[in-house]
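Q: Using only what follows, build the 3D model:
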Amino acid sequence: MVAVTGAQAIIRLPFSESDAMPVEAPDIVEVETTRVACDGGGGALGHPKVYLEMGDEGFVECPYCDRRFVLKAETH
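A: Okay, the predicted model is just below:
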C-alpha cells in the first residue's frame, strides 16, 4: 500500500516489526591507542584489513563488521 501526501510517499510494508530478524550487537573492543586495525577476526571468513583512526570521539566503528573500538577510560 502506498499513500501519497504532498511530495512524499509513505510505503506500508505487509509485515510488522516483530517479523524482523534479530540483530546481534556488534563487538566492543577496548583499546589503548586511537589508531586501530580490524580484519573482522574470522581469518578467511573476516574482511580486508582496514586501519581506523578515532579522532576526538574516543571510539570508531569498522565500516565492514560494525565492531566498535573504544578508547580505555584511563587512556583519555
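
Q: in the protein, which residue is closest to the centre?
A: When the chain is reduced to its mean C-alpha position, the nearest residue by CA atoms, centre = their mean turns out to be residue 66, at 3.1 Å.

Q: For the residue lying closest to that one once chain neighbours are set aside, grab the count of nearby residues.
A: Excluding its sequence neighbours, the residue lying closest to residue 66 (CB to CB, 6 or more residues apart in numbering) is residue 26, at 3.9 Å. In short, each C-beta sits where N, CA and C put it, glycine included. Residues near residue 26, counting by other CB atoms under 10 Å, number 12.

Q: For residue 26, list the residues it contacts.
A: 61, 65-68 (CB atoms under 8 Å, 6 or more residues apart in numbering).

Q: okay, the host helix or strand of residue 36 in CSV with CA atoms only?
A: Residue 36 belongs to strand 35-38 when assigned by DSSP states H and E. Extracted C-alpha coordinates of strand 35-38, given in CSV (Å, rounded to 0.1, in the frame of the first residue of the first chain):
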residue,chain,number,x,y,z
ARG,A,35,44.7,4.1,15.7
VAL,A,36,43.4,0.5,15.3
ALA,A,37,43.3,-2.2,12.7
CYS,A,38,40.4,-4.5,12.0
